[in-house]
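Undergrad: build me a structure from this.
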Amino acid sequence: MSQLNSLQWMLSLHNCSFHDREFETALPFRRKPCLILGYQDQIRRLQGLRSLRANAESVDSVERRSVALKDRIDNDEEQNGYFHVKTLRRFPKEELVGKVVMVRFDSNSLLSNANSSMVERTTFTIKYLYHAGAKVVVASDWNRLSDSMQVLSTKTVADHLSLLLQLKVVPTNWVSDCTNSRIEVFAEADILLCENLAMFKEERGNCSEFAGMLSSGIDIFVNDCFSQSHKVLASTVGVPCYCYASVAGFHFEEKLGEVMDATMPNKQPYVAIIGGGNLFDKAAAVYHLTSKCDGVVFVGMMAFQIMHAIGLSVPLNFVESRALEDSLKITHLAYERGIPLLLPKDFYCVNDLLPQKVGIFPAHEIKHGWTPVDLGPISLNEISSFLSRSKKILWIGPVKFKESRVNAEGALKLAMMLEAFSQNGRDVTVVGSSACQAVMGISSSINCSLYENASVMWRFLKGMTLPGHAALDRAYPCEIDWHAIFGNPSQPLLVDIGSGNGLFLFKMAARHKDKNFLGLEINKKLVQRCLYSAGHYGLKNRHFIATNATSTFRSIVSSYPGELVLVSIQCPNPDFNKPEHRWRMLQRSLIEAIADLLKTGGKVFLQSDVEAVAVRMREQILMYGKGNLAILEDDFKVDSGGWLEENPFGSRSDWEQHVIDRGAPMYRLMILKIK
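TA: Sure thing, here's the model as predicted:
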């Protein structure tokens, strides 16, 4: 049976409930059917799937356009990694005392007429920091308060925040008066407020100089504005480069969790309702939802792209010609997974010449001179029936077609459906300002989870990095079972940061079987090779972890049951083209963690073949070592520059050996923890 005939036969089953899978056993082919609900007689365009297969050039084109779509499915592990950032919840509270902390807050949440519960959640981070003994500076952008269209002054916003926080918030010229003396203003206030960041074009351009001025005097950065995490801003992406710790606030963490939960198929049947248009730019997100959901409902302009792809007659001015390949790809995925796609069956339409004249037309028989403006009654009834047995629903994007003066009620009726479902215990998430307004307009007690910024969700669903999230420090995601890793986890521990292919650690571990060796390396492939070698030879005193040690060193090593006696950092790779990222391996947070966790008498071994890098490492470790770290020279031969002439361990990394072989110098340093 050909694919086309199979689909024709399968479409006759469209009256079956989408979650009832009993009929699948009767299918005469291995693949599950895709139910294009609401249509039985017109599927000519699906022949395009077969013709594309026969045409190698077209297939290649589809595959190239589909790389992002496939990557989105293959990168679920990376999606789970969204939680693996440092959060204020896990940040040592004692480290906040006396520190100057900048909080990037969400002005939409704090400066609107939000309910008391929302205000409490969005102010919690600021209050927590203040009561922990930190000196708090808050910053955001804003345009108006409530229904006023006037741009607010910093003083007005400070007064409003003072009422919400029940603390004295004082406005400052934090950016324009960038001097060290500005910290003295804390004597007059509980909280300091920066100027309106919306007034600075450098904020939107992520100007490094502006970010430097904004972060001047700041020790710790806390991002509590998840709604802006999809943008590259100086206050969310630039500032973390200048702070020794950058973490997610409580509100940021909460919103991230909501987004993650809304897109997980942890309750089934799980249905996505997709509104809005511009399928070409959102194809990866729609493809992802099609790969995870048990059904997809189209309620906006994107419906016309899918209808066009399967051969239905739709007005060509509603069709994105460049989205055809993506539409075919999405439709084919639904067919392979056996999930239904629900498309509108009828529309309310207005006459182009007589805008007050309204009619109802079948979706594939819209007459010339008429424009669809809303979902028709049959479509709404079918959606209600379709959703009636779902357990989890995600609605993203507006029920919106062409602009019209007609009062469209499709969004309101859909909102009423979802509110009723949520009252019955269904898990309902609504994303986007239009969709959220529709839901909020029908009930004062909302059980749905509302998230107004659809841009963040679309970007997340597309598998793209959220810049504001990526700028935060990383945390190691799980607890480590040291007894399963090492034969004797009470032995002294030596950690090599940036362990590469593990040559240095393997040599050291072979010579010192009474010690344990841990390599921390960001390159996963290198770590996999090292773990394979260690496992193959049954070596129980060496282990490797794929991680960014700059962020995760403390959380990993602090759980080790034995003593940390040596940390080595060898030949970190400098980036001379980006000064703000140069030598990022050895940042203040890592040095302080080493100083805290290293036993008294323990050592830090630093070396590089780039003198400027070695000098910088020496300066940083003495600056941020809390007075506990000192250069050790007495036991070693040093040259005129104070560098060790030889590697004191007699074991070289592959890069060190390469440098020695070509006759180039190495710049080495041994640091001792004195107390």
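
Undergrad: mind listing what's buried along stretch 363-372?
TA: Buried residues in stretch 363-372, counting neighbours by 16 or more other C-beta atoms under 10 Å, are found at 363, 364, 366, 370, 371, 372. Placement of C-beta: from N, CA and C, glycine included.

Undergrad: for the closest residue to residue 632 other than its chain neighbours, grab the count of nearby residues.
TA: Spatially, and ignoring its direct neighbours in sequence, residue 632 is nearest to residue 672 (4.1 Å; C-beta to C-beta, 6 or more residues apart in numbering). For residue 672, the number of neighbouring residues by other C-beta atoms under 10 Å comes to 18.

Undergrad: and whichever strand or helix holds residue 672, average pLDDT?
TA: Residue 672 is part of strand 667-673, with elements assigned from DSSP states H and E. Averaged across strand 667-673, the pLDDT comes to 94.

Undergrad: so what touches it?
TA: 595, 598-611, 613-615, 617-618, 621, 625, 628-633, 635-636, 641-648 (C-beta atoms under 8 Å, 6 or more residues apart in numbering).

Undergrad: show the buried residues in those.
TA: Neighbour counting with 16+ other C-beta under 10 Å marks 595, 598, 602-610, 613-614, 617-618, 621, 625, 628-629, 632, 643-644, 647 as buried within the contacts of strand 667-673.

Undergrad: who does the helix or strand residue 518 falls within touch, helix- and strand-wise?
TA: Using DSSP H and E, residue 518 falls within strand 516-521. Applying 3 or more C-beta pairs under 8 Å, 6 or more residues apart in numbering; DSSP states H and E, one finds that strand 516-521 contacts strand 493-497, helix 503-511, helix 524-536, strand 542-546, helix 549-557.

Undergrad: so which of those is the most surrounded?
TA: strand 493-497 (a mean of 25; mean count of other C-beta atoms under 10 Å).

Undergrad: hmm, who's touching that strand?
TA: 504-505, 508, 512, 515-520, 549, 553, 557, 560, 562-570, 585, 590.

Undergrad: which of those count as buried?
TA: The neighbour-count test (16+ other C-beta under 10 Å) marks 504-505, 508, 512, 515-520, 549, 553, 557, 560, 562, 564-570, 585, 590 as buried among those.

Undergrad: which residues in the stretch 201-350 of the chain form helices?
TA: For the stretch 201-350 of the chain, applying DSSP state H, counting those that start in this stretch gives helices covering 201-204, 208-215, 250-262, 279-292, 302-309, 324-337.

Undergrad: let me see the contact set for residue 252.
TA: 125, 223, 224, 225, 226, 229.

Undergrad: just to check, the fourth one is in contact with residue 237?
TA: In this case it means residue 225. No. At 11.8 Å, residue 225 and residue 237 do not qualify as touching, with contact defined as C-beta atoms under 8 Å.

Undergrad: higher neighbour count, these two?
TA: Applying other C-beta under 10 Å to residue 225 and residue 237 shows that residue 225 carries more neighbours, namely 28 against 21.

Undergrad: how about that one, nearest residue that isn't a chain neighbour?
TA: residue 106 (4.3 Å).

Undergrad: could you check the pLDDT of that neighbour?
TA: 90.

Undergrad: residue 635 and residue 603: what is the separation?
TA: Using C-beta to C-beta, to the nearest Å, we find residue 635 at a distance of 10 Å from residue 603.

Undergrad: go on, residue 551?
TA: In terms of C-beta to C-beta, residue 551 sits 23 Å off from residue 603.

Undergrad: pretty sure residue 192 sits in a helix.
TA: No. Applying DSSP: H, G, I helix; E, B strand; the rest coil, one finds residue 192 to be strand, outside a helix.

Undergrad: need the contact list for it.
TA: Residue 192 sits in contact with 135, 136, 137, 138, 169, 170, 172, 174, 185, 186, where contact means C-beta under 8 Å, 6+ apart.

Undergrad: narrow these to those in strands?
TA: 135, 136, 137, 138, 169, 170 (DSSP state E).

Undergrad: identify the farthest-apart pair in the residues you listed.
TA: Farthest-apart pair in the ones in strands among the contacts of residue 192 is 135 and 169; separation 13.1 Å (C-beta to C-beta).

Undergrad: which other residues reach the strand ranked longest in the chain?
TA: Ordering each strand of the chain by length in residues (DSSP E) puts strand 598-608 first. Outside strand 598-608, the residues that touch it by C-beta under 8 Å, 6+ apart are 563-572, 594, 614, 617-618, 621, 629, 632, 644, 647-649, 656, 666-675.

Undergrad: any stretches of the stretch 51-200 of the chain with poor pLDDT?
TA: Within the stretch 51-200 of the chain, the stretches with pLDDT under 70 are 51-83, 113-116, 144-150, 178-184.

Undergrad: now swap in the chain and tell me
TA: 1-83, 113-116, 144-150, 178-184, 402-408, 443-445, 574-585.

Undergrad: list the contacts for residue 201?
TA: Applying C-beta under 8 Å, 6+ apart, no residues contact residue 201.

Undergrad: how near is it to residue 210?
TA: In terms of C-beta to C-beta, residue 201 sits 9 Å off from residue 210.

Undergrad: which ones are touching residue 524?
TA: Contacts of residue 524 (C-beta under 8 Å, 6+ apart): residue 546.

Undergrad: next: the one 3 residues further on.
TA: The contact partners of residue 527, by C-beta under 8 Å, 6+ apart, come to 519, 521, 544, 545, 546.

Undergrad: about what we covered before: identify the contacts common to residue 225 and residue 237.
TA: residue 468.

Undergrad: just give me the longest helix of the chain.
TA: In the chain, taking DSSP state H as the definition, the longest helix is helix 116-131.

Undergrad: list the buried residues of it.
TA: Buried-residue list, helix 116-131, by 16+ other C-beta under 10 Å: 119, 122, 123, 124, 125, 126, 127, 128, 129, 130.

Undergrad: quick check: bridge partners of the residue nearest to the last one when sequence neighbours are not counted?
TA: Read it as residue 130. In space, and not counting its chain neighbours, residue 130 is closest to residue 136: 5.4 Å by C-beta to C-beta, 6+ apart. Beta-bridge pairing for residue 136 (DSSP bridges): residue 101, residue 191.

Undergrad: can you name the residues that contact residue 136?
TA: 101, 102, 103, 126, 129, 130, 190, 191, 192.

Undergrad: how much space between it and residue 480?
TA: From residue 136 to residue 480 the distance is 34 Å (C-beta to C-beta).

Undergrad: with residue 222 instead?
TA: For residue 222, the distance to residue 480 - C-beta to C-beta - is 27 Å.

Undergrad: more crowded one of these two?
TA: Per other C-beta under 10 Å, whichever of residue 222 and residue 480 has more neighbours is residue 222, with 31 against 17.

Undergrad: that one and residue 128 touch, don't they?
TA: No. Assessed by C-beta under 8 Å, residue 222 is found out of contact with residue 128, at 9.5 Å.

Undergrad: about what we covered before: okay if I get the ones in strands among the contacts of residue 192 as JSON lines plus distance to residue 476?
TA: Listed next are the ones in strands among the contacts of residue 192 as JSON lines, based on distance: C-beta to C-beta, whole Å:
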{"residue": "135", "distance to residue 476": "29"}
{"residue": "136", "distance to residue 476": "28"}
{"residue": "137", "distance to residue 476": "29"}
{"residue": "138", "distance to residue 476": "29"}
{"residue": "169", "distance to residue 476": "36"}
{"residue": "170", "distance to residue 476": "38"}
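
Undergrad: ok, the residues you listed vs residue 329, which is closest?
TA: Closest to residue 329, out of all of these and judged by C-beta to C-beta, is residue 138, at 45.2 Å.

Undergrad: which residues do residue 222 and residue 128 both contact?
TA: Common neighbours of residue 222 and residue 128 (C-beta under 8 Å, 6+ apart) are residue 88.

Undergrad: and for residue 498, the neighbour number?
TA: When neighbours are counted by other C-beta under 10 Å, residue 498 registers 20.

Undergrad: what sits closest to residue 109 if chain neighbours are left out?
TA: Residue 109 sits nearest to residue 122 (C-beta to C-beta, 6+ apart), 4.2 Å away.
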